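**Student:** whatever this is, show me its structure:
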Amino acid sequence: ISATVVQYGDYVTLTDFLQMTTLDPLLSETSDILGQQAGNSLDQITRDVIVAGSTVQYASSATTTNTVTAAMILTKDEVREAVRTLQGNDAKKVTRMVNPSTGWNTQAINAAFIGIISHNTLYDLKDQTGFTKVEDYASQANVMEGEVGALDDVRFVMTTNSSTTAGSLTTVHRTLIMGQDYYGISRISGEAMKNIIKPLGSAGTADPLDQRSTSGWKATFVAKRLNENFCVRIEHGVTA
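**Tutor:** Residues are numbered from 1 along each chain as shown. As a prediction, the model looks like this:
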């Protein structure tokens with residue numbers, strides 16, 4: 001399986017007047033903002049690749065994206081169906097088991113597949129019997145960033161970058177249930193991510209009065225689906 005890395009990046013321009021008149025550490029602040037933008041950009045690039053997998057499950061009685069209604073929400077039965085599909089495809093679980101503890105009302109969490117959901121989907125998922133909130137896990141040691149809970153053999157991560165698409169009857173949410181080795185990411189060694197700062201006057205005659213400096217990021221990156229059988233995309237509605 002081959003993939004070609006692509007360069008991505010962005011920058012902000014700072015003026016000499018701004019740097020002379022502000023008390024804020026501009027380079028530190030812009031670096032923080034650019035870092036957030038870089039991470040968010042690469043996350044969305046990856047999302048657009050992994051959501052395009054060919055193993056699709058439509059909620060309830062829907063048979064296409066355009067037949068999904070708002071009432072066809074993500075349920076426990078839909079999650080279990082996706083898990084059954086992954087098991088039948090010999091997909092491996094991603095996480096290890098979280099053992100129970102002596103903590104009050106904590107729950108053991110099995111090794112699991114990973115689900116990527118929106119905040120609107122989480123709203124519905126919390127009402128499903130058997131959903132365990134992340135704060136009720138027996139251990140917080142291996143909790144993933146953004147993880148919100150578990151149901152059946154799936155641990156769910158919530159992100160506002162989750163995928164939606166326009167259906168004929170409602171906005172269709174696209175939840176991913178993934179196993180190991182569904183996709184991979186790569187970069188050029190040493191060129192994965194750079195913060196590039198150009199000082200005042202570095203542009204030569206293009207900045208004859210030394211009035212412009214820039215701070216930016218540049219990354220080489222690619223995401224690639226590796227095995228279409230190791231992820232199920234569930235297309236469903238959400239409660240308004």
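**Student:** run through this structure and note the low-pLDDT ranges.
**Tutor:** 96-110 (pLDDT under 70).
**Student:** and the helices in it?
**Tutor:** 16-21, 26-50, 76-88, 119-125 (DSSP state H).
**Student:** now the longest strand anywhere in the chain and helix 26-50, what's the angle there?
**Tutor:** Criterion DSSP state E: the longest strand present in the chain is strand 212-225. Per axes from the mean of the first three to the mean of the last three C-alpha atoms, to 10 degrees, the angle that strand 212-225 makes with helix 26-50 is 20 degrees.
**Student:** give me the residues contacting stretch 150-159.
**Tutor:** 43, 76, 79-80, 82-83, 93, 95, 107, 109-119, 121-122, 125, 128, 130-132, 134, 137, 144-149, 177 (C-beta atoms under 8 Å, 6 or more residues apart in numbering). For the C-beta atoms, the positions are set from N, CA and C on the backbone; glycine is no exception.
**Student:** does anything pack onto the longest strand of the chain? Which helices or strands?
**Tutor:** strand 6-15, helix 16-21, helix 26-50, strand 183-186, strand 193-198 (3 or more C-beta pairs under 8 Å, 6 or more residues apart in numbering; DSSP states H and E).
**Student:** narrow the contacts of stretch 150-159 to those in strands?
**Tutor:** Going by DSSP E, the strands hold 113-117, 132, 147-149, 177 from the contacts of stretch 150-159.
**Student:** ok, those residues vs L14, which is closest?
**Tutor:** Distance to L14, by C-beta to C-beta, is smallest for I116 among the ones in strands among the contacts of stretch 150-159, at 36.3 Å.
**Student:** quick check: closest non-adjacent residue to the closest one.
**Tutor:** L176 (4.4 Å; C-beta to C-beta, 6 or more residues apart in numbering).
**Student:** ok, the one you found - how many residues close by?
**Tutor:** 23 (other C-beta atoms under 10 Å).
**Student:** which residues are in contact with the closest residue to G179 other than its chain neighbours?
**Tutor:** In this structure, G179 finds its nearest non-sequential neighbour in A91, 3.1 Å apart by C-beta to C-beta, 6+ apart. By C-beta under 8 Å, 6+ apart, the residues touching A91 are 113, 179-180, 182, 227, 229-231.
**Student:** for ChimeraX, write a command that selects the buried ones of those.
**Tutor:** With 16 or more other C-beta atoms under 10 Å as the burial test, the buried ones among the contacts of A91 are selected in ChimeraX as follows:
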select :113,179,182,227,229,230,231
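**Student:** picking that back up, dump the ones in strands among the contacts of stretch 150-159 to a markdown table, plus distance to N161.
**Tutor:** Shown next, in a markdown table, are these (distance: C-beta to C-beta, whole Å):
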| residue | distance to N161 |
| --- | --- |
| F113 | 19 |
| I114 | 15 |
| G115 | 14 |
| I116 | 9 |
| I117 | 11 |
| T132 | 24 |
| E147 | 15 |
| V148 | 15 |
| G149 | 19 |
| I177 | 17 |
